[in-house]
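In: Model the structure of this input:
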Amino acid sequence: MGKVRRVRDASLGTQLFALQMVIVLLAVGGTAGVWAEHTRDQLDSLHQQRALAIAQSVAALPQVREAFELARPETVLQPLAMSVQQETGADYVVIANTEQKRYAHPNASLIGKRLSTDGSPVLRTGRSWVGTETGTIGTTVRGKAPIRDEYGTVIGLVSVGVLETTVTGQLAHALPPLIWTAAAVLLAGLALAALITARVRRQTFGLEPREIAALLDQREGVLHGVKEGVLALDLAGRVTLVNDAARELLGDVPIGAGEDLTRLPVSDRMRDVLGGADPGEDRIVLHGERVLVLNRTPVWVRGRHRGWVVTLRDRTELVRLARELDDTSSATEALRAQAHEFANRMHTVVGLLELGEHEAAVSFITRTTRGTYAADLRERIQEPTLAALLLAKSAEAAERGARIVLSDDSSVPEGTLGDPQDAVLVVGNLVANAIDALDGAEGTIEVSVRADAGGLRVRVGDSGPGIAPDLVEEVFREGFTTKAAHSGPRGLGLALTRQACLRRGGWVRVRNDGGAVFTALLPAKTGEGTPLADEGAEGARRPRRRLETTAPGRPSPPTGARS
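Out: Now for the predicted structure:
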């Protein structure tokens, strides 16, 4: 038991070496045994056939048949048998009649006595026989042939044999080459076993099975414990590993080890990032309701490229908070601008009063109250959240030298939007995109927002440079942006806008008409109402009464940016 325990507790290399040596020994020993047995059978067969040939030759001699007619056949047959035995190297040559009485034998004292082994099968059937039998001189391999007279009648037999010890001696002479061959094979097996053991140790970094099992357990624990999604791909683009976080982030996508990347039911954008067609760090991908950030890193093992590891991070909540922070910042800027404007007006009123221009002061206050942009905006956009957004965007545009024009067909009664989150996302992104398109230059942004039972219809046009015809679809792809000078993740605004519209069964499109014109339909969540036709297909804008910010207009800039 102690030796068994020591073998069981030995290192992996030692166990492999011992196992391989046992296999080599069994293989070599078994092969040598089979060879020896086969050689012995061949030697037995060879001597049997040789003995039979001698027996048949003796039986066919005329003097043998003639001797059987003599009164004492042994006087002729004994010398003849001894002569044949000496010349052929046989261990005995025996001649007997049909009564199995010996006429010739190596031991002359046995002449005239009956055969020690039964010869009746040969005498009765007249057929030759070969085999192994034990007689007076020992165990021999022998051949027996019938002796026939001139009429073909069996009158006796000839038995020729070779001792088994003679066969064994010949086999012993053939064993040394076998032994040397087996020794050479054993040495080669020993060397190969040592090489294999060393290779296994290198490939396992000298770790024992229990250590490998512990590392595997730790890897599985870490892999499935991290909150980031991890997806491993081989060089052929097949998934080799995926953790629980990745499955959760990918949602309803059935993914597992062995899946072909090209067959995964994901968007072209995600397939491009996973497959390396869109390289780079922190690639933004929209997947369902999630905003994911993907990083694709090559895997190198001992200097050889083995595949890729893709990490997935969920930035959905971060993007939402960033958007809310941006809206809050815009509202703060709007309030600051209004406070600044209100302070200027109050200083004017105070000045008029100090100068005694009371009627002028009253007239100025009346005109200011009646012409307040916020009041007119609130009158048309009765939904407070959307009105606050447009007011903030108007202030932001004014700060950047542009002005927002609200069309006379704009109308959003209070309560028609239900949850205004998607409406704020669509309108805010389209207006922000238009402001960015002007790139700080003076210009005009025309906004039309209408809500009814069919949903919210939005049209936003700017006086910027427009969009190249080959980019009218590309601008809605996540990650696409022309804002090369800006840092941080870009290319989400229009992608999120299209996602929100499509999710509700609507659409968003763009055309050029003196600048870019974006049109969108955001159907009501209840599904009531009939969606309008695509307003982006209209050839010209309809006349409208404008509600403008106070920022003066200037010529359109030559360049712009989209995200």
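In: What is the longest helix anywhere in the chain packed up against?
Out: Criterion DSSP state H: the longest helix present in the chain is helix 12-59. Counting contacts by 3 or more C-beta pairs under 8 Å, 6 or more residues apart in numbering; DSSP states H and E, helix 12-59 packs against helix 74-88, strand 92-97, strand 129-135, strand 138-148, strand 154-163, helix 164-203. Any C-beta I mention is one placed from the backbone N, CA and C, and that applies to glycine too.
In: To Ala361, which of those lies closest?
Out: Set against Ala361 and scored by C-beta to C-beta, those come closest in helix 164-203, at 92.4 Å.
In: The longest helix of the chain vs strand 154-163, what angle?
Out: 150 degrees (axes from the mean of the first three to the mean of the last three C-alpha atoms, to 10 degrees).
In: Can you tell me how far Val472 is from Val28?
Out: Per C-beta to C-beta, to the nearest Å, Val472 is found 78 Å from Val28.
In: residues near Lys393, how many?
Out: 26 (other C-beta atoms under 10 Å).
In: Please apply the same query to Arg148.
Out: 15.
In: Without its sequence neighbours, what residue ends up closest to it?
Out: Computed as C-beta to C-beta, 6 or more residues apart in numbering, the closest residue to Arg148 that is not its neighbour in sequence is Val154, at 5.8 Å.
In: swap in Asp260?
Out: That would be Arg238: by C-beta to C-beta, 6+ apart, it lies 5.7 Å from Asp260.
In: count of neighbours near that neighbour?
Out: Arg238 has 16 nearby residues by other C-beta under 10 Å.
In: And Ala360, by the same measure?
Out: 15.
In: what's the distance between Leu312 and Glu281?
Out: 13 Å.
In: out of the two, which sits in the more crowded spot?
Out: Leu312 (24 against 9).
In: how about low-confidence regions in the stretch 101-250 of the chain?
Out: 170-171, 174-175, 205-209, 211, 219, 222-223 (pLDDT under 70).
In: and the closest residue to Val460 other than its chain neighbours, backbone torsions?
Out: Of all residues not flanking Val460 in the chain, Leu430 sits nearest, at 4.2 Å (C-beta to C-beta, 6+ apart). Dihedral pair for Leu430: phi -70, psi -40, per degrees, to the nearest 10.
In: Ala500 versus Leu430, what's the distance?
Out: 11 Å.
In: Next one: the residue nearest to Val460 from Thr497, what distance?
Out: Relative to Thr497, and taking C-beta to C-beta, Leu430 is found at 6 Å.
In: now swap in Ala441 and tell me
Out: 23 Å.
In: Ok, Val350 next?
Out: Counting by C-beta to C-beta, the gap from Val350 to Thr497 is 46 Å.
In: more neighbours, the two?
Out: Remark: of Val350 and Thr497, Thr497 carries more neighbours, 24 against 11, as counted by other C-beta under 10 Å.
In: Name the nearest residue to that one, ignoring sequence neighbours.
Out: The nearest residue in space to Thr497 (C-beta to C-beta, 6+ apart) is Asn429, at 4.6 Å.
In: my guess is Asp419 meets Arg504, correct?
Out: No - taking contacts as C-beta atoms under 8 Å, Asp419 lies outside contact range of Arg504: 11.2 Å.
In: Common neighbours of those two, please.
Out: Shared contacts of Asp419 and Arg504 (C-beta atoms under 8 Å, 6 or more residues apart in numbering): Lys525.
In: Quick check on the two: which one has the bigger neighbour count.
Out: Arg504 (19 against 9).
In: Please give me every residue in contact with that one.
Out: Applying C-beta under 8 Å, 6+ apart, the residues contacting Arg504 are Asp422, Gly455, Leu522, Pro523, Ala524, Lys525.
In: correct me, but the third one touches Gln499?
Out: No - using C-beta under 8 Å as the test, Leu522 is too far from Gln499 to be in contact (11.5 Å).
In: For these two, indicate the residue with more neighbours.
Out: Leu522 (27 against 21).
In: what's near enough to touch the closest residue to that one other than its chain neighbours?
Out: Leaving aside its chain neighbours, Leu522 sits nearest to Leu456 (4.4 Å; criterion: C-beta to C-beta, 6+ apart). Leu456 sits next to Val412, Leu417, Ala423, Val426, Val449, Arg450, Leu521, Leu522, Ala524 when contact means C-beta under 8 Å, 6+ apart.
In: Is Gln49 in contact with Val130, as I believe?
Out: Yes - at 7.0 Å, Gln49 counts as touching Val130 under the criterion of C-beta under 8 Å.
In: More neighbours: the two, which one.
Out: Val130 (18 against 13).
In: correct me, but that one touches Gly143?
Out: Yes - in this structure, Val130 is within contact of Gly143 by C-beta under 8 Å, at 4.7 Å.
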